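Student: Predicted structure and sequence below. I'll ask about it afterward.
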Amino acid sequence: MPEIRRAAASSTWEVAHHHQELEFNLIIAGKGAYFLEDRHYDLMPGTLVWLLPGQRHRLLRSPDLDMWVGSLDATHYAPALLEEVARHPIKRLAAEDAVALDQLYSHLSQDADAPDVHAAGLRYAVMSTMHAARTSAGPPPPLLHPAVAQALAMLRASDEIPNMAALAKRCGVSASYLGDLLTAQTGRGFVEWRNIARLERFQNHYPESEDLLTAALAAGFGSYTQFHRVFLETTGTTPGNWARKGNDGGPIRLPRMSHARDELSPGSQRLLWSNLGAVQFSAGGQWLAL
């Protein structure tokens, strides 16, 4: 059977080793680092790590590092799982997903004296871990620097900011400093965020006139040509195609100009005990040897 056990806090440095089972670790407290071949990964609460069979690894742990350790032999997974693990050996889970798994493992450990219940729980726990590894939205991004948050709010509120220098002056910082912050914290620069703000305004104006050019000019674009180019680059479709779909096309999907996650689904993707029986585990069947 698979095994899931608690590896309590310890002050030891674990020597490099390997094992024949597929292993996963869920960090629930403390910090540490895994050294896997030629790479190392920082560990913190909510980190899920997969260790391939035969893969040499070494764990550097703080005295308070606390984690769950699961292991599966080759009879309990399909080769497709190993391929997935090799591509994504480590992931930070959303807090609610990490808590759900911690609670699930804790309940499971209390059923060890009931073999049938324990066996069913182990299978569910393994499938839940795989599901979280594939679908968890991850932790929220760190809070933006105040100057970045202020700059994005200004761009969203007004199209009367011609360039980075003018924006930086309003934020009370230098243009080079604000430009570096924007790129480092959001992955986008002034022009991209200004265009995103204009597309937001276009989407608000369009229902009033149902005319693409009128709404584009009202949003701050200088010409229909510029609007068309930005719309296509940002959304992957033309304004005309989007307009023809009407309500079926839905709102334009744009990066969020706030502290919210950028293009990530909010909330937990975990499965609950109460509705698990209704789920068809097509993907899970490909990963597990059922």
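Tutor: Great, that's in hand.
Student: in the helix or strand where Glu200 lies, what's buried?
Tutor: Element membership of Glu200 [criterion: DSSP states H and E] is helix 190-209. For helix 190-209, the buried set under the neighbour-count rule, 16 or more other C-beta atoms under 10 Å, comprises 190, 192-202, 205-206. Where C-beta positions appear, they are placed from N, C-alpha and C, glycine not excepted.
Student: Also stretch 155-172?
Tutor: For stretch 155-172, the neighbour count (16+ other C-beta under 10 Å) marks Leu155, Arg156, Ile161, Met164, Leu167, Ala168, Cys171 as buried.
Student: Okay, helices next: where are they in the stretch 101-250 of the chain?
Tutor: Along the stretch 101-250 of the chain, counting by DSSP state H, counting those that start in this stretch, helices occupy 115-135, 146-157, 164-171, 175-186, 190-209, 212-219, 224-235, 239-245.
Student: just the angle between the second one and helix 175-186, please?
Tutor: Between helix 146-157 and helix 175-186, the angle formed by their directions is 90 degrees, by axes from the mean of the first three to the mean of the last three C-alpha atoms, to 10 degrees.
Student: Which residues does helix 146-157 contact?
Tutor: Contacting residues not belonging to helix 146-157 are listed as 143-144, 161, 167-168, 170-173, 177-178, 181-182, 185-186, 190, 193-194, 197, 200, 257-259 [C-beta atoms under 8 Å, 6 or more residues apart in numbering].
Student: and the gap between the closest residue in space to Ser109 that isn't next to it in sequence and Phe24?
Tutor: Nearest residue to Ser109 in three dimensions, chain neighbours excluded: Arg6, at 6.9 Å (C-beta to C-beta, 6 or more residues apart in numbering). As judged by C-beta to C-beta, to the nearest Å, Arg6 and Phe24 stand 14 Å apart.
Student: Comparing these two, which shows the higher neighbour count?
Tutor: Phe24 (22 against 13; other C-beta atoms under 10 Å).
Student: I'd like the helices of the stretch 101-250 of the chain as CSV, with distance to Asp38 and mean pLDDT appended.
Tutor: Converted to CSV, the helices of the stretch 101-250 of the chain look like this (distance: least, C-beta to C-beta, whole Å; pLDDT from 0 to 100):
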stretch, distance to Asp38, mean pLDDT
helix 115-135, 23, 88
helix 146-157, 34, 92
helix 164-171, 39, 95
helix 175-186, 26, 92
helix 190-209, 35, 93
helix 212-219, 49, 95
helix 224-235, 37, 94
helix 239-245, 46, 91
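Student: What residues of the helix or strand containing the residue nearest to Ser109 count as buried?
Tutor: Using DSSP H and E, Arg6 falls within strand 3-7. Within strand 3-7, the residues that count as buried by 16+ other C-beta under 10 Å are Ile4, Ala7.
Student: just stretch 49-66 next, same as before
Tutor: So, applying 16+ other C-beta under 10 Å, buried residues of stretch 49-66: Val49, Trp50, Leu51, Leu52, Pro53, Gln55, His57, Leu59, Arg61, Leu65, Asp66.
Student: for it, how far is the first residue from the last?
Tutor: Its start and end residues considered, stretch 49-66 measures 14 Å (C-alpha to C-alpha, to the nearest Å).
Student: cool, stretch 131-147 as well?
Tutor: Start-to-end, stretch 131-147 (C-alpha to C-alpha) is 38 Å.
Student: buried residues in that stretch?
Tutor: His131, Ala132, Ala133, Thr135, Ser136, Ala137, Pro139, Leu144, His145, Ala147.
Student: rewinding a little: just name the closest of the buried residues of stretch 49-66 to Leu81, please.
Tutor: Trp50 (8.9 Å; C-beta to C-beta).
Student: ok but that closest one is inside a strand, no?
Tutor: Yes: counting by DSSP: H, G, I helix; E, B strand; the rest coil, Trp50 is found in a strand.
Student: Make sure it is actually in contact with Pro89.
Tutor: Yes: if you go by C-beta atoms under 8 Å, Trp50 and Pro89 touch, sitting 5.1 Å apart.
Student: Isn't Leu122 up against Ser109?
Tutor: No: Leu122 is not in contact with Ser109 according to C-beta under 8 Å; the separation is 10.5 Å.
Student: higher neighbour count, these two?
Tutor: When neighbours are counted by other C-beta under 10 Å, Leu122 and Ser109 differ, and Leu122 comes out ahead with 21 against 14.
Student: and the more buried one, what is it in contact with?
Tutor: Met1, Pro2, Glu3, Ile4, Leu108 are the contacts of Leu122 under C-beta under 8 Å, 6+ apart.
Student: how near is it to Lys91?
Tutor: 21 Å.
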